[in-house]
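>>> Fold the following.
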Amino acid sequence: MAQEMLNASKLKLVFDYGVDEENKPVFKTKTFNRIRLQASADQLYQAAEAIGSLSAQPLWQVERNDSYQIGE
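This is a model prediction of the structure:
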């Protein structure tokens, strides 16, 4: 039976930059690589809020992107 093994995790912060001239929302992202694999959602969210507080633009969304190796 195949098994999965977590081998990398990234934290992505999405910032709201308002709207463009066509009234469409504009978002910009900042991605942090090499996030601790054992970090909980609460820990990552607290870190994201702390980093987001340093920005002039509001933090709109926080994402965690994990990649797994699948094998036997």
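>>> For this structure, which segments count as strands?
3-19, 25-32, 59-71 (DSSP state E).
>>> got a list of what the residue nearest in space to the middle of the chain touches?
Nearest to the mean C-alpha position of the chain, by Cα atoms, centre = their mean, lies Lys12 at 2.0 Å. Shown in contact with Lys12 (Cβ atoms under 8 Å, 6 or more residues apart in numbering): Thr29, Lys30, Thr31, Phe32, Val62, Glu63, Arg64, Asn65. C-beta coordinates here come from the backbone N, C-alpha and C atoms, glycine included.
>>> Excluding covalently adjacent residues, which one is nearest to the second one?
When you say that, I think you mean Lys30. Spatial nearest neighbour of Lys30, excluding adjacent residues (Cβ to Cβ, 6 or more residues apart in numbering): Leu13 at 4.9 Å.
>>> Run a quick neighbour tally on the one you found.
Neighbour count of Leu13, defined by other Cβ atoms under 10 Å: 20.
>>> and what of Leu11?
Counted with other Cβ under 10 Å, Leu11 comes out at 21.
>>> can you pull the contacts of the closest residue to Val19 other than its chain neighbours?
Residue nearest to Val19 in three dimensions, not counting chain neighbours: Pro25, with 5.8 Å by Cβ to Cβ, 6+ apart. Pro25 makes contact with Asp16, Gly18, Val19, according to Cβ under 8 Å, 6+ apart.
>>> ok, the first one - contacts?
Under the criterion of Cβ under 8 Å, 6+ apart, the contact partners of Asp16 comprise Pro25, Val26, Phe27, Gln57, Pro58, Leu59, Trp60.
>>> Any chance of a ChimeraX selection covering the buried ones in these?
Buried subset of the contacts of Asp16, written as a ChimeraX selection, criterion 16 or more other Cβ atoms under 10 Å:
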select :59
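>>> Compile the contacts of Asp16 into a markdown table and extend it with columns for pLDDT and distance to Asp42.
Shown next, in a markdown table, are these (pLDDT from 0 to 100; distance: Cβ to Cβ, whole Å):
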| residue | pLDDT | distance to Asp42 |
| --- | --- | --- |
| Pro25 | 96 | 28 |
| Val26 | 97 | 29 |
| Phe27 | 97 | 24 |
| Gln57 | 96 | 24 |
| Pro58 | 97 | 21 |
| Leu59 | 97 | 16 |
| Trp60 | 97 | 19 |
